[in-house]
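Novice: Got a sequence here, can you build the structure:
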Amino acid sequence: MLKQLLEKDWNNMVDAALPNPDEELNQSPYNSNLGLSMAEDAKKVVNGKLDIEVFHKKYHASLTSEFGDLFTQAPVESKKENGVKWGMVIDLRKCVGCDSCTVACKAENRTPPGISYNVVLEEEIGEFPNVAKVNLPMPCMHCDNPPCVQVCPVRATFKLDNGIVTIDNDRCIGCRYCIVACPYGARSYDFGESYEDEMLGFNDVSSPEYGIERGERKPKKTPIGTVRKCNFCMHRLERGEEPACVETCIGDARFFGDLNDPNSTVSKLANSPRAFRLKSELGAGPNVIYLK
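Specialist: Here you go, the predicted structure:
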């Protein structure tokens with residue numbers, strides 16, 4: 001049955017799991033209509049249907065009015081990584097839906113309630129008695145042309161030269177425009193919720209993501225009040241390790257490596273006849289590739 005699913009079927013699973021844009025932005029202190037409009041136009045930019053200069057001209061005055069001195073169009077400097085382009089390949093035939101990737105990610109990044117960088121979407125297909133459950137693991141796609149970067153008014157979201165789309169939580173103001181712009185639902189807002197009632201001392205230690213240990217979690221302290229997402233466990237990559245979800249996948253369904261290296265396993269799998277990208281028609285160029 002898995003072989004019978006088309007790309008549009010997988011895309012429909014993603015669409016069904018996306019956050020409601022109105023509900024998401026209604027919780028933001030910033031202009032919701034501006035965020036919705038920018039998100040739609042950002043997708044047109046990455047799809048080649050809207051010129052980037054037209055996009056900037058259209059929203060410059062509104063962004064200046066809404067965000068004042070916070071607004072910036074200056075690019076964020078990123079570090080060269082010797083041509084490496086990190087990517088992931090997920091074999092859907094091997095994924096057993098065990099959620100070990102989700103658990104490993106939460107343990108590694110110590111994400112609070114309501115925030116998971118790695119989710120596995122599930123759907124039952126077929127008609128009784130011929131039914132089956134399909135699983136679709138969903139980390140951040142780390143797109144070549146990410147709409148989330150386009151809509152960020154303070155350039156807190158940006159793309160590194162190694163292919164990773166990351167967030168500077170010290171710049172992020174929590175407007176959540178990027179959440180509604182992301183076609184894959186990969187982003188979450190940190191409301192500051194705590195495991196304190198379940199796990200004593202949880203707030204005493206925070207995530208090592210983005211290379212920073214921030215200490216105790218408490219109100220008005222970063223990353224509370226900012227947007228968070230998967231960054232391919234960048235702190236692990238810097239130690240020469242694989243992302244936690246890849247290392248712990250019991251079905252051996254995940255592969256990670258340099259997509260620019262034609263001899264790497266991920267590069268070869270990405271060029272397999274079985275390979276496809278979610279919502280490829282958008283033009284975002286996701287660097288998480290699936291095998292059907």
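Novice: Counting neighbours, what do you get for the nearest residue to residue 217 once chain neighbours are set aside?
Specialist: Counting by Cβ to Cβ, 6 or more residues apart in numbering, residue 217 lies nearest to residue 203, which is 4.4 Å off, once chain neighbours are set aside. To be clear about C-beta, it is placed using only N, CA and C from the backbone, and glycine gets the same treatment. Residue 203 is flanked by 16 other residues according to other Cβ atoms under 10 Å.
Novice: would residue 203 count as being in a helix?
Specialist: Yes. Residue 203 forms part of a helix when assessed by DSSP: H, G, I helix; E, B strand; the rest coil.
Novice: Does it touch residue 221 like I think?
Specialist: No. Taking contacts as Cβ atoms under 8 Å, residue 203 lies outside contact range of residue 221: 10.3 Å.
Novice: Which parts of the stretch 101-250 of the chain are strands?
Specialist: 119-127, 130-138, 157-159, 165-167, 188-189, 227-228 (DSSP state E, counting those that start in this stretch).
Novice: quick one: contacts for the nearest residue to residue 28 once chain neighbours are set aside?
Specialist: Leaving aside its chain neighbours, residue 28 sits nearest to residue 176 (4.7 Å; criterion: Cβ to Cβ, 6+ apart). In this structure, residue 176 makes contact with 24, 25, 27, 28, 35, 189, 227, judged by Cβ atoms under 8 Å, 6 or more residues apart in numbering.
Novice: just checking, which of those residues belong to strands?
Specialist: 189, 227 (DSSP state E).
Novice: Give me the distance between stretch 157-175 and the centre of its chain.
Specialist: 11 Å (Cα atoms, centre = their mean, to the nearest Å).
Novice: avg pLDDT for that stretch?
Specialist: Across stretch 157-175, pLDDT averages out at 94.
Novice: separation between the residue nearest to residue 217 and residue 216?
Specialist: Distance of residue 203 to residue 216, computed by Cβ to Cβ, to the nearest Å: 5 Å.
Novice: now do residue 126
Specialist: To residue 216, residue 126 is 49 Å away according to Cβ to Cβ.
Novice: same deal with residue 265?
Specialist: Note on residue 265: its distance to residue 216, by Cβ to Cβ, is 40 Å.
Novice: Give me the below-cutoff pLDDT ranges for the stretch 51-200 of the chain.
Specialist: 74-82 (pLDDT under 70).
Novice: how big is the angle separating the helix or strand encompassing residue 10 from strand 119-127?
Specialist: Using DSSP states H and E, residue 10 falls within helix 7-17. For helix 7-17 against strand 119-127, the angle between stretch directions is 120 degrees (axes from the mean of the first three to the mean of the last three Cα atoms, to 10 degrees).
Novice: could you say what helices and strands helix 7-17 packs with?
Specialist: Judged by 3 or more Cβ pairs under 8 Å, 6 or more residues apart in numbering; DSSP states H and E, the packing partners of helix 7-17 are strand 119-127, strand 130-138.
Novice: okay, these in JSON lines with mean neighbour count next?
Specialist: Below are the helices and strands packed on helix 7-17 laid out as JSON lines (neighbours: other Cβ atoms under 10 Å):
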{"stretch": "strand 119-127", "mean neighbour count": "13"}
{"stretch": "strand 130-138", "mean neighbour count": "17"}
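Novice: Out of those strands, flag the one nearest residue 105.
Specialist: Across the helices and strands packed on helix 7-17, residue 105 has its closest neighbour in strand 119-127 (9.1 Å, Cβ to Cβ).
Novice: Kindly export that closest one (C-alpha atoms) in PDB.
Specialist: What follows is strand 119-127, C-alpha atoms only, in PDB (Å, rounded to 0.1, in the frame of the first residue of the first chain):
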ATOM      1  CA  VAL A 119       7.300  14.500  15.000                       C
ATOM      2  CA  VAL A 120       6.000  11.500  13.200                       C
ATOM      3  CA  LEU A 121       2.700  12.000  11.400                       C
ATOM      4  CA  GLU A 122       0.500   8.800  11.200                       C
ATOM      5  CA  GLU A 123      -2.400   7.900   9.000                       C
ATOM      6  CA  GLU A 124      -4.400   4.800   8.300                       C
ATOM      7  CA  ILE A 125      -5.000   4.000   4.600                       C
ATOM      8  CA  GLY A 126      -7.100   1.500   2.700                       C
ATOM      9  CA  GLU A 127     -10.400   0.000   3.500                       C
END
